[in-house]
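J.: Below is the sequence, then the predicted model.
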Amino acid sequence: MTAEDNAAAVLTLLNTALAPRDAYELDKVPSPRPPQYVEITLSRMFGGERRQCGSIGATGYRVTVRAVSQSTVSSVRRDLEKCRAALEFNRLSVGAHLSTPIQFETEDPAAYDSGWFSGLQSFTYVIQE
């Protein structure tokens with residue numbers, strides 16, 4: 001189970017919720033940018049219970065979703081709500097593993113952002129290994 005596997009699972013959930021638009025990893029956002037889209041990042045979190053053999057029995061992840069719109073703050077809020085509904089309290093299937101329920105962590109509210117509008121939400125989850 002890799003970070004790439006986790007990102008693919010997150011994108012599957014988000015793309016279903018956002019259809020017909022897509023969510024993208026940062027390096028996959030089309031150029032020129034679409035007028036409205038969502039981008040994600042995924043990172044491993046510190047911690048996990050250590051086993052006597054030295055391995056970690058669970059791995060935590062943080063996923064961020066940034067909704068971006070060329071036109072309105074309301075568009076950003078709507079996409080963030082779709083993302084929240086798709087992620088919060090749901091579980092990810094990553095290979096043969098199932099995550100804990102995804103938990104909301106924090107957000108940067110929708111606001112003006114360099115000629116566009118954007119807002120960000122962060123979520124966390126853990127996968128038993």
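T.: Arrived safely. Numbers count the residues shown, from 1 in each chain.

J.: okay, residue 21: pLDDT?
T.: Looking at residue 21, its pLDDT stands at 89.

J.: I'd say it and residue 38 touch.
T.: Yes: the criterion here is Cβ atoms under 8 Å, and residue 21 meets it with residue 38 at 7.3 Å. Using the backbone N, CA and C atoms, a C-beta is placed for each residue, glycine as well.

J.: Please say which of the two ends up with more neighbours.
T.: residue 38 (25 against 17; other Cβ atoms under 10 Å).

J.: joint contacts of residue 21 and residue 38?
T.: residue 79 (Cβ atoms under 8 Å, 6 or more residues apart in numbering).

J.: secondary structure element for the nearest residue in space to residue 93 that is not next to it in sequence?
T.: In space, residue 93 comes closest to residue 9 once its chain neighbours are excluded; the distance is 6.4 Å by Cβ to Cβ, 6 or more residues apart in numbering. Assigned by DSSP states H and E, residue 9 falls within helix 3-18.

J.: Can you list the neighbours in contact with that helix?
T.: With Cβ under 8 Å, 6+ apart as the contact definition, helix 3-18 has outside contacts at 22-25, 38, 40, 42-44, 61, 63, 65, 79, 82-83, 85-87, 90, 92-95, 127.

J.: swap in stretch 105-123?
T.: Contacts with stretch 105-123, where a contact means Cβ under 8 Å, 6+ apart, come from 62-73, 75-77, 80, 83-84, 87-88, 102-104, 124.

J.: Those residues in helices, which ones?
T.: Per DSSP state H, helices hold the following members of the contacts of stretch 105-123: 73, 75-77, 80, 83-84, 87.

J.: CSV for the residues you listed, including neighbour count, pLDDT and distance to residue 108?
T.: Shown next, in CSV, are the ones in helices among the contacts of stretch 105-123 (neighbours: other Cβ atoms under 10 Å; pLDDT from 0 to 100; distance: Cβ to Cβ, whole Å):
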residue, neighbour count, pLDDT, distance to residue 108
73, 16, 96, 12
75, 17, 96, 16
76, 25, 97, 11
77, 16, 97, 12
80, 21, 97, 10
83, 25, 97, 13
84, 17, 97, 14
87, 22, 97, 16
